[in-house]
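Peer 1: here is my input; please provide its structure:
(chains A, B and C)
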Amino acid sequence: MAYALQQLINGISLGMIYGLIAVGYTMVYGIIGMINFAHGDVFMVGAFIALISVVMLMSGGLMDGPAALLLVLAISMAFTALYGWSVERIAYRPLRGSFRLAPLISAIGMSIVLQNFVQISQGARVKPTEPLVTGGIEIMRDGDFVVQLSNMQMLIIGSTLTVLAIFTWLVTKTSLGRAMRACEQDRRMASLLGIDTDRTISLTFVIGAALAAVAGTLYLFRYGVIDFYIGFLAGVKAFTAAVLGGIGSLPGAVLGGLLIGLIETFWSAYFSVQYKDVAAFSILVLVLIFLPTGLLGRQEVEKV
Amino acid sequence: MSASILSVEGLTMRFGGLLAVDAVSFAAQRGAITALIGPNGAGKTTVFNCITGFYRPSGGSLRLTRADGSTAQLETLKDHRITRAGVARTFQNIRLFQGMTVLENLLVAQHLVLNAATGFGIGALLGLGGYRRAEAAAIARASDWLRAIGLLERADDPAGALPYGAQRRLEIARAMCTGPQLLCLDEPAAGLNPRESDELSELLLAIRDGRSAAPTPTSVILIEHDMGIVMRISDHVVVLDHGRKIAEGQPDQVRNDHHVIAAYLGEEEEA
Amino acid sequence: MNSQALGALREALIATAVAFGLFVLMVGLRTDVSTTGALFLRTRWPEVAGLCALVFVGRLILSLWNLREAKPPSLALGKLGSKAAIVFAPALLGAALVLPMIPGIGRYELDLGILVLTYVMLGWGLNIVVGLAGLLDLGYVAFYAVGAYSYALLAQYFGLSFWVCLPLAGILAAFWGILLGFPVLRLRGDYLAIVTLAFGEIIRIVLLNWVELTGGPNGIGGIPRPSFFGLPFNMSGDPNSFAGFFGIEPDPVHRVIFLYYLILALALLTNWVSVRIRRQPIGRAWEALREDEIACRALGINVTTTKLTAFALGAMFGGFAGAFFATRQGFISPESFTFIESAIILAIVVLGGLGSQIGVAVAALVMIGGFELFRDLEEWRMLVFGAAMVVIMVVRPRGLVGSRTPTVALGTRRAIGAEHVGEGRG
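Peer 2: Predicted coordinates for the structure are as follows:
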């Protein structure tokens, strides 16, 4: 029982990270109808920028306390947002409205570029740091097994919820959010009504990248070890989460993220670690067979 | 007294909570043109989609009676099986294969016949005779239809490059190339100018009477908003409104039916 | 300075500012592991300055060049594409046939030729699924893997020869093609893409972890090398070996030449089947499916079997290629069957353009050959490769060949421009 509870906590905090990345996928898909294959690598860039900021602050003796963590987060979000903006500008905007295969290949190319750019700039070796946020609180005790909610996990859950709350407010209450939803529904009409669709789409990518940066920073704090390859697997799983939840649906992305995180954690805890990714992918396949538009997705009825 | 080719009984279609078609019953006679009319949103295309297998009806019976007397219950069949049963259709928004030539479009329509001649695919791959003959026959048939609709010179142009009126005619010819007994047309006259509408009427009458490239008369059901065409060529008219049948009969009868007038023009004050 | 030049200057300055933001941290501060194991930062400001200057100059040139009222090159090349194909194709084929005979062609060039031809064959195989039927498959490497492992295991456990295993590998791969195709029939576009990607990854992970069957990360070694229809390629020179039988000096290059012609034959088989099948009802049905699936259903075409046939046939050729790969290497491991391979093969098909056979061949030649040629760049090679993918797609989104050739005509066959041809929603 205690073991299960611990897995639940672990799964939720992992799922939150996936959810943050998944929201970026689903936003972009909702607004321009394409899979941003490079998004996972934007997450990786976010983790690296956070790493550089951490080392920078450490060498200045400033890496202490929650203010420092927030500063790292802010730096990561700002610079990663720039990466997100650039990716859209270079690889996707010229192909907008075009057919769907070219943007996909362009996105894959961009993913390769980002991975190798980081690899060349920062060196291919794995970068280890000490865990930056330690300690936690004990939830319950079952014999020798202690169920712990670590400070790191609380940070993850707390920041994710905060960020998502801000983001939901942004999408539902502000004019930017309205513009985004208008572009999602009918881009040409939105443009005719005076909405700057280019700017709206760029902002969508920027916000998605910022969320991925939060995920990357939290990932760095949590695991302490990053390399240029973490983007691919996290990206694929987060995309799986977005599709699972119903692509185009924001709550779906978060729900999907949580589900993938939980499935992965419980599977590795109770069955085998090696096949945890297979479990997540298989769930995706099964869900899509029976619910082709995902759990919370919009039913796309093609007019005959 | 000609037999009915399609007998629709109690057709009902529900989308979630919305009742789009409510117990509609009518019959389309063999060798006749039956028009399905009604204001926008009346459920005409929904009925069509049920007949042609794109929707599975929530209830009711759709009995197709073929020339040889055999019947088929269309509500139990999937879309491609309905075509095999002898029903062909066109679409409201033209669905031609834009990137294929006019001729190729008509060859795809003869897929079933050609496929049967390929000898499980292997024979044709190896170039054995049967397929080549079948393909030549299919091309000849396609040419007949192209001549009938006046597009023979454009046989090798991409379908997407044709003007609108020509695309509509091509779609009808393509449907006819499947060799149907019942042709279902969804707003064939939409967007046509008066001259094109006249040509369309001629074509449909020829199809009905067996004077077109098809050797035998073909029954027709059409959805149409152009009342000129409806009155001119239909033998039988069925009127829908809000998912229900409100009138059925000869064109002249229906034209003067006050329920129909009210449905199109709005309710008159109760005199 | 006129206003246009000012505009170009402004664009260049903005680009430089963005570049600065992108590079200042990532390039400027490199994290390295010190002797104590801790991380420290190494500054590289000159590199940042250099990159920003490069961006400035590059963007300026691009902006100024765009200002000239020149027709974009992509349109001009488009019409050329289809005519060139008629001339180009026999030339390429001829070159491929005589390559091993050309003096000065050694082991390295032959190996490169084998590599390119393998990707050409994989491209032609995937072309059936993506190019003809319009089904977006991101997991094609799975069938390549099935073919390779089938051959390896069949040879290992049953001692069957290559010529017996080859069709078996193809059949097994085709079977998997149907199995993996079945669940995805209802899926559209990007859903189809992600599920096929998931399948590819599932197969790779299973191969990696099912150690008893597949050897896990160590793979399977000792795969029997090919023989010339029963005559082994060894250096002994005795009458039962290839060299001895033909009375020539034994040379390791003989086997390589044989492998070269083998993959050439397999690739040409794939091509021949694809070209012929386009004229068959099933081939036309695939292209019609790509254009408009609903219209296909209304014409009596069983979309389910049509899609499954495309998956099966494409998978079969992938399986053949996999079997060839296994016999050529003598050793296989899951490392060779990653997602990036699927991505590269898909890129080759998309770069080829509009389901064109010659397009795929040229695209494979350019991409794989180009990748080899830039060997000196080492770690920069992949970066350039990725950038090339982006640039090529932006410049020619529909691929090299800008038109589709109809399979039948009453008069003369005229190429259909890319603006009409659909990409498929499946």
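Peer 1: hmm, the top helix by length along chain A touching chain C?
Peer 2: As assigned by DSSP state H, the longest helix anywhere in chain A is helix A:2-32. Yes: residues of helix A:2-32 contacting chain C under CB under 8 Å from any CB of the partner chain: residue A:29. Heads up, the C-betas are built off the backbone N, CA and C, glycines and all.
Peer 1: okay, now residue B:257: neighbour count?
Peer 2: The local packing of residue B:257 (other CB atoms under 10 Å in any protein chain shown) involves 17 other residues.
Peer 1: re the thing from before, list the buried residues in the longest helix of chain A.
Peer 2: Under the neighbour-count criterion of 16 or more other CB atoms under 10 Å in any protein chain shown, helix A:2-32 has A:6-7, A:9-32 buried.
Peer 1: equivalent analysis for stretch B:201-210, please.
Peer 2: For stretch B:201-210, by 16+ other CB under 10 Å, it's B:201, B:203, B:204, B:206, B:207, B:208.
Peer 1: would you mind measuring from the first one to chain C?
Peer 2: Looking back up the chat, that one is residue B:201. Applying CB to the nearest CB, to the nearest Å, the value for residue B:201 to chain C is 23 Å.
Peer 1: so who does the closest residue to that residue other than its chain neighbours touch?
Peer 2: Leaving aside its chain neighbours, residue B:201 sits nearest to residue B:233 (5.1 Å; criterion: CB to CB, 6 or more residues apart in numbering or on different chains). Going by CB atoms under 8 Å, 6 or more residues apart in numbering or on different chains, residue B:233 touches B:33, B:201, B:204, B:205, B:208.
Peer 1: what does the stretch 1-150 of chain C have sitting close to chain A?
Peer 2: Applying CB under 8 Å from any CB, we find that the stretch 1-150 of chain C lies next to chain A at C:18, C:21-22, C:25-27, C:29-33, C:37, C:39-41, C:130, C:136.
Peer 1: helices - which of those land there?
Peer 2: Those of the residues of the stretch 1-150 of chain C next to chain A lying in helices (DSSP H): C:18, C:21, C:22, C:25, C:26.
Peer 1: what pLDDT does the third one get?
Peer 2: On pLDDT, residue C:22 comes in at 88.
Peer 1: identify the residue of the stretch 151-300 of chain C closest to chain A, quick one.
Peer 2: Of all residues in the stretch 151-300 of chain C, residue C:198 sits closest to chain A, at 4.0 Å by CB to the nearest CB.
Peer 1: give me the element that residue is part of.
Peer 2: Assigning secondary structure by DSSP states H and E places residue C:198 in helix C:189-209.
Peer 1: so how far is that helix from its chain's centroid?
Peer 2: Mean-position distance between helix C:189-209 and its chain equals 17 Å (CA atoms, centre = their mean, to the nearest Å).
Peer 1: what's the next secondary structure element after it?
Peer 2: Sequence order places helix C:211-214 as the next helix or strand after helix C:189-209, per DSSP H and E.
Peer 1: picking that back up, buried subset of the residues of the stretch 1-150 of chain C next to chain A as a ChimeraX selection?
Peer 2: In ChimeraX, a selection of the buried entries from the residues of the stretch 1-150 of chain C next to chain A looks like this (16+ other CB under 10 Å):
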select /C:18,21,22,25,26,27,29,30,31,39,41,130,136
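Peer 1: now whichever residue of the stretch 101-250 of chain B sits closest to chain A. Nearest residue, chain neighbours left out?
Peer 2: Nearest residue of the stretch 101-250 of chain B to chain A: residue B:186, at 8.8 Å (CB to the nearest CB). Distances taken as CB to CB, 6+ apart place residue B:92 nearest to residue B:186, at 4.5 Å, with adjacent residues excluded.
Peer 1: if I pick that neighbour, what's in contact with it?
Peer 2: Applying CB under 8 Å, 6+ apart, we find residue B:92 in contact with B:45, B:186, B:187, B:190, B:223.
Peer 1: now do the SS call for it.
Peer 2: coil (DSSP: H, G, I helix; E, B strand; the rest coil).
Peer 1: report the separation between it and residue B:18.
Peer 2: Taking CB to CB, to the nearest Å as the criterion, residue B:92 is separated from residue B:18 by 19 Å.
Peer 1: my guess is residue A:164 contacts residue A:23, does it?
Peer 2: Yes: between residue A:164 and residue A:23 there is a contact at 7.4 Å, judged by CB atoms under 8 Å.
Peer 1: got the contact list for the closest residue to chain C within the stretch 101-250 of chain B?
Peer 2: Closest to chain C within the stretch 101-250 of chain B is residue B:160: 3.8 Å, counting by CB to the nearest CB. Neighbouring residues of residue B:160 by CB under 8 Å, 6+ apart: B:96, B:98, B:99, C:419, C:420.
Peer 1: residue 173 - how many residues pack around it?
Peer 2: Defaulting to chain A. Residues within reach of residue A:173, counting by other CB under 10 Å, total 10.
Peer 1: looking at chain B here, not the other one
Peer 2: When neighbours are defined as other CB under 10 Å, residue B:173 has 27 of them.
Peer 1: so it sits in a helix?
Peer 2: Yes: assessed with three-state DSSP, residue B:173 lies in a helix.
Peer 1: list the contacts of stretch C:292-309.
Peer 2: For stretch C:292-309, contacts defined as CB under 8 Å, 6+ apart pick out A:302, A:304, B:52-54, B:79-81, B:83-84, B:88-89, B:91, B:95-98, B:108-109, B:111-112, B:174-175, B:178, C:133, C:135, C:177-178, C:181-182, C:185, C:282, C:285-286, C:288-289, C:422, C:425-426.
Peer 1: so which bits of it are buried?
Peer 2: For stretch C:292-309, by 16+ other CB under 10 Å, it's C:292-303, C:306-309.
Peer 1: what of stretch B:78-91?
Peer 2: For stretch B:78-91, the neighbour count (16+ other CB under 10 Å) marks B:79, B:80, B:81, B:82, B:83, B:85, B:86, B:87, B:88, B:89, B:90, B:91 as buried.
Peer 1: wait, doesn't the fifth one sit right on residue B:178?
Peer 2: Yes: the pair residue B:83 / residue B:178 is scored as a contact, 5.7 Å apart, by CB under 8 Å.
Peer 1: joint contacts of these two?
Peer 2: Common neighbours of residue B:83 and residue B:178, using CB under 8 Å, 6+ apart, are B:112, C:299, C:300.
Peer 1: from residue C:418, how far out is the residue of the stretch 101-250 of chain B closest to chain C?
Peer 2: Remark: distance between residue B:160 and residue C:418 (CB to CB) = 11 Å.
Peer 1: who touches both of these two?
Peer 2: Both residue B:160 and residue C:418 lack any common contact, where contact means CB under 8 Å, 6+ apart.
Peer 1: output the set of residues of the stretch 51-200 of chain B in proximity to chain A.
Peer 2: So far as CB under 8 Å from any CB goes, the stretch 51-200 of chain B lies against chain A at B:54, B:91, B:93.
Peer 1: now for the chain, the helix or strand with the poorest mean pLDDT.
Peer 2: No chain specified, so I'll use chain A. Within chain A, no helix or strand scores below strand A:136-142, which has a mean of 69 by mean pLDDT, DSSP states H and E.
Peer 1: oops, wrong one, chain C.
Peer 2: When each helix and strand of chain C is scored by mean pLDDT, DSSP H and E, helix C:73-98 comes last, with a mean of 68.
Peer 1: residue ranges with poor pLDDT in the chain?
Peer 2: Went with chain A since none was named. For chain A, applying pLDDT under 70 flags the ranges A:63, A:98, A:131-132, A:135, A:139-142, A:144, A:298-304.
Peer 1: other chain: chain C
Peer 2: C:1, C:37, C:67-86, C:237, C:426.
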